[in-house]
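> whatever this is, show me its structure:
(one chain, ligands or ions: 1)
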Amino acid sequence: MAAVDPDLPLRQAAVAAARKLGQDYDDLVPRTRLSDGFTFDGARVSFGSFQRGIHRARIQRGPAALTVTTSFKDPYADTFDAAGALFTYAYRAGPIDQPDNRALRAAYELQTPLVYFRALAPGQYLVVAPMFVTADDPVARSVVLEPGLPVQDMQPGGLVSGPDMRAYATREARIRLHQQRFKLDVMRAYRHRCAICALRERSLVQAAHIVPDADPHGIASVVNGLALCAIHHLAFDRSVLGIDPDGVVHIARRLLKETDGPMLRTGLQGFHGEAIALPRQPEDRPDPARLQVRFDRFELAAA
Ligand SMILES: [Zn+2]
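Below is the predicted model of the structure:
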């Protein structure tokens, strides 16, 4: 039986605050926001320095790490095994019993939850919390991390989630990770501009799936994506706007006949027959087969 972690209330506060930030920022939290830390018992507590690292907060009484952070510059040190669906985290270089490694390994011994910050872009993090250290390999100098249940279901003393629940939570974290990577890849490929109207106001440009991600062809890869502004994204999703496999925009016939203000005239009808802007790199460009699948649906809906 593992010892009870004296820092459990602190961890619950950290997990709750980190999850809230993840929700507030649609899963991609800026470092500037994480640097503010969280409050516990009226005091501000740091989430860490946001260098790659293992962090134990100053006010902790127990030995175990509170957060671990991956580095954007060195993604291979902390792998995410897509096939096996496991997160691993490498020990810090140097002696096995140096303080950071001791803190990481104590999280395993106590089976106590921590917060995982995965850098997906410079200064931007996906948050997975609670995360548990479920295996420790001192020979390979790494641990295995698995997401657990949300904070309200945690019990003092450790891991209440069974293997099924952990597998579920890991799958969920993996999907979130892939979605965020998809978003970043699409935005980079289209240089943060709507492929139709070239709007580049970041708060209004989104990563759209060509084939929806619930569909078997709907992979979260840049070739199944388009950067679209909010109105063109919605028009595409509602099949009032289609893009054929050659990248030409089609507006539903019904809308072409209508008369309305400038949004319809300029924002929609004006793009009928125009080509979308393609990413510079050929490997980033939309897959014509997927555009065809989606265009067939548009034609059916718009007929
Ligand atoms: Zn647009």
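> what is the subsequent helix or strand relative to the worst-scoring helix or strand of the chain on mean pLDDT?
Of all helical and strand segments in the chain, the minimum by mean pLDDT, DSSP states H and E falls on strand 80-81, at a mean of 54. As assigned by DSSP states H and E, the chain's next helix or strand after strand 80-81 is strand 86-90.
> the next helix or strand after that next one to strand 86-90, inter-axis angle?
Going down the chain from strand 86-90, the next helix or strand is helix 99-110, by DSSP H and E. Relative orientation of helix 99-110 versus strand 86-90 (axes from the mean of the first three to the mean of the last three Cα atoms, to 10 degrees): 140 degrees.
> need the CA coordinates for helix 99-110. PDB is fine.
Output in PDB follows, covering the C-alpha atoms of helix 99-110 (Å, rounded to 0.1, in the frame of the first residue of the first chain):
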ATOM      1  CA  PRO A  99      16.400  16.100  -6.800                       C
ATOM      2  CA  ASP A 100      14.200  16.400  -9.900                       C
ATOM      3  CA  ASN A 101      14.500  12.700 -10.600                       C
ATOM      4  CA  ARG A 102      13.700  11.900  -7.000                       C
ATOM      5  CA  ALA A 103      10.600  14.000  -7.300                       C
ATOM      6  CA  LEU A 104       9.500  12.300 -10.500                       C
ATOM      7  CA  ARG A 105      10.100   8.800  -9.100                       C
ATOM      8  CA  ALA A 106       8.300   9.700  -5.800                       C
ATOM      9  CA  ALA A 107       5.200  10.500  -7.900                       C
ATOM     10  CA  TYR A 108       5.300   6.900  -9.000                       C
ATOM     11  CA  GLU A 109       5.900   5.500  -5.600                       C
ATOM     12  CA  LEU A 110       3.000   7.600  -4.100                       C
END
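> could you give the average pLDDT over it?
Across helix 99-110, pLDDT averages out at 94.
> over to A129: give its phi and psi.
phi -160, psi 140 (degrees, to the nearest 10).
> that one contacts L145, doesn't it?
No - using Cβ atoms under 8 Å, A129 is not in contact with L145; the gap is 11.0 Å. In short, each C-beta sits where N, CA and C put it, glycine included.
> tell me, what's touching those two both at once?
Y116 (Cβ atoms under 8 Å, 6 or more residues apart in numbering).
> tell me the gap between stretch 128-144 and the middle of its chain.
20 Å (Cα atoms, centre = their mean, to the nearest Å).
> any idea how far apart the tips of it sit?
Using Cα to Cα, to the nearest Å, one end of stretch 128-144 lies 14 Å from the other.
> got the buried residues for it?
128-134, 136, 142-144 (16 or more other Cβ atoms under 10 Å).
> closest one of the residues you listed to A17?
A129 (8.9 Å; Cβ to Cβ).
> rewinding a little: from the buried residues of stretch 128-144, which is closest to the ion?
V128 (32.6 Å; Cβ to the ion).
> so what's that closest one closest to, chain neighbours aside?
The shortest distance from V128 to any non-neighbouring residue, by Cβ to Cβ, 6 or more residues apart in numbering, is to Y116 (4.3 Å).
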